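**Q** Next one to model:
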Amino acid sequence: MKIFNFSAGPACLPEAVLKQAQRELVFYGESGMSVMEMSHRSADYEAIIEKAEMDLRQLMSIPDDYRVLFLQGGASLQFSMVPINLMTTHGRAYYIKTGAFAKKAIEEAKKVGEVLIPASSEDKMFSYIPNMTKDMFSASADYVHITQNNTIYGTRYSKLPDTNGLPIVSDMSSSILSEKISVRDYGLIYAGAQKNIGPAGLTVVIIRDDLLGKAPKNTSAMLDYKVQAENGSMYNTPPTYAIYIAGLVFAHLIKNGGIEAIEAYNKKKAALLYDYLDSSALFKPTAEKKDRSLMNVTFVTGDAELDKKFVAEAKAQGIVNIKGHRSVGGMRASIYNAMPVEGINTLIEVMKQFEKKA
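**A** All right, here's what the predicted structure looks like:
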C-alpha cells in the first residue's frame, strides 16, 4: 500500500531527491566519503553550500543586497534572534497575532523589548487574517513581524500589510518556495527547513544588508546575524547534511520549472481539496475562504469522535499524519510542494467513502 504523508513537519520530500541522496549516501562524487563525514571547510563541501545558496537565490530572485544564511535552532530560535538583532533602535516592534507560532514569537520578543499588537485573529480561533491599515503602524518601531502561513490553523497572508515604511520580518517556515513572492518586500525572511526545504535541523534566513550589525555588542556571536554573514554561515560547523539535502531540493525545483511551476501545482492541489470540502455535507474547512492556506488545509466534521474515527480509517488506507494539531483537533492535510496530486485525490476518495458511511 502506498503511503501519503500529510504531516505538518517534518514533511515528505521529493522522491527524486531521496533517491539521489540514496545513491550518494556512501560516496559523494569523487570525494570517497559521505557528505555526513565531510569537513565543512573542504573544497567538496564548500562547493555544495555555495551551489545551494546560488540555486536558492535563483529560485527566489534574491537581490544582491540580501544575505542568505544557513543556520541551526529552527524557527523557534529566530523568535529570539530577530528581536535581539533588530529591536535595537526604538526598542519596540509590531507583531501581528495570527496563530500559535505568532504568539510564541511575541513572547520571546517581549523578553527583549516592547511588543505592539495592532491586530489579532484570536477572537475567532485564528481562522482568518485580520485587516490592517497604514495608520496602525504610526508609532516609532524597528519592524513588523508576521507569520506568513499559519500551519496549525490553515490561514495565509494573500497580501502584505502597508507597514508605513517599517521593514517586514516574516516567518515563512510553512510557505517558503510554495509561491512567488518579492523578497524586496521584506527586510528579513526566516524559515525552518522541515516543510518545503529539507530535513529538520536547518533554518534559512534571508536578511537585507542594512539590517546587519544592529545587535548589541554583548550579543553572543552565534546569535549575531552579522557574524554569521561574515563567516558564510560557518562560524561553527553548520548542519552540513541538511544543507546538502536542501541543495538537492533547490536544484530539483529549478529542473522542474521553478517557483512558477510549483505555485501552479500547489494551487491545483489546494483547489481540488477545498472544492471537495466546500461541497461536502460532512467535512467543513475551518479557515475563512479569503485567507485559506495553500499548504495546510484544516477541516472538521463537527464531532470530535467522528474526527477520531476518520483519522483512524484514513491511516488504514495509507493517509497518515492527517490528525489536526493537539490544540485544535479535527484534521489537517499539509500539502507541501512534495505532496503529489495523487495524494490529494486519494485523500478525497477516502473522505467520500467515509462520508457515505457516516
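**Q** contacting residues around Pro14?
**A** Residues in contact with Pro14 (C-beta atoms under 8 Å, 6 or more residues apart in numbering) are Val249, His252, Asn337, Ala338. To be clear about C-beta, it is placed using only N, CA and C from the backbone, and glycine gets the same treatment.
**Q** Output stretch 245-262 in CSV with nothing but the alpha carbons.
**A** Extracted C-alpha coordinates of stretch 245-262, given in CSV (Å, rounded to 0.1, in the frame of the first residue of the first chain):
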residue,chain,number,x,y,z
ILE,A,245,19.6,17.9,1.0
ALA,A,246,18.2,21.4,0.8
GLY,A,247,20.5,22.0,-2.2
LEU,A,248,19.1,18.9,-3.9
VAL,A,249,15.6,20.2,-3.3
PHE,A,250,16.5,23.6,-4.8
ALA,A,251,18.1,22.0,-7.9
HIS,A,252,15.0,19.7,-8.2
LEU,A,253,12.7,22.7,-8.2
ILE,A,254,14.8,24.6,-10.8
LYS,A,255,14.8,21.5,-13.0
ASN,A,256,11.0,21.2,-12.8
GLY,A,257,10.1,24.8,-13.7
GLY,A,258,11.0,26.8,-10.6
ILE,A,259,8.6,28.7,-8.3
GLU,A,260,6.1,29.5,-11.1
ALA,A,261,5.6,25.8,-11.8
ILE,A,262,5.3,24.7,-8.2
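**Q** avg pLDDT for that stretch?
**A** Throughout stretch 245-262, pLDDT has a mean value of 98.
**Q** Any buried residues in that stretch, and which?
**A** By neighbour count with 16 or more other C-beta atoms under 10 Å, stretch 245-262 contains the buried residues Ile245, Ala246, Gly247, Leu248, Val249, Phe250, Ala251, His252, Leu253, Gly258, Ile259, Ile262.
**Q** So which of these are in helices?
**A** Among the buried residues of stretch 245-262, the residues falling in helices (DSSP state H) are Ile245, Ala246, Gly247, Leu248, Val249, Phe250, Ala251, His252, Leu253, Gly258, Ile259, Ile262.
**Q** pretty sure the last one contacts Ile176?
**A** No - applying C-beta atoms under 8 Å as the test, Ile262 and Ile176 come out as separate, 11.2 Å apart.
**Q** any idea how far Val249 is from the residue lying closest to Met339 once chain neighbours are set aside?
**A** Among residues not flanking Met339 along the chain, Cys12 sits closest, at 6.0 Å (C-beta to C-beta, 6 or more residues apart in numbering). Shown here: Cys12 relative to Val249, a distance of 11 Å by C-beta to C-beta, to the nearest Å.
**Q** hmm, back to that, give me the number of residues near the residue nearest to Met339?
**A** 22 (other C-beta atoms under 10 Å).
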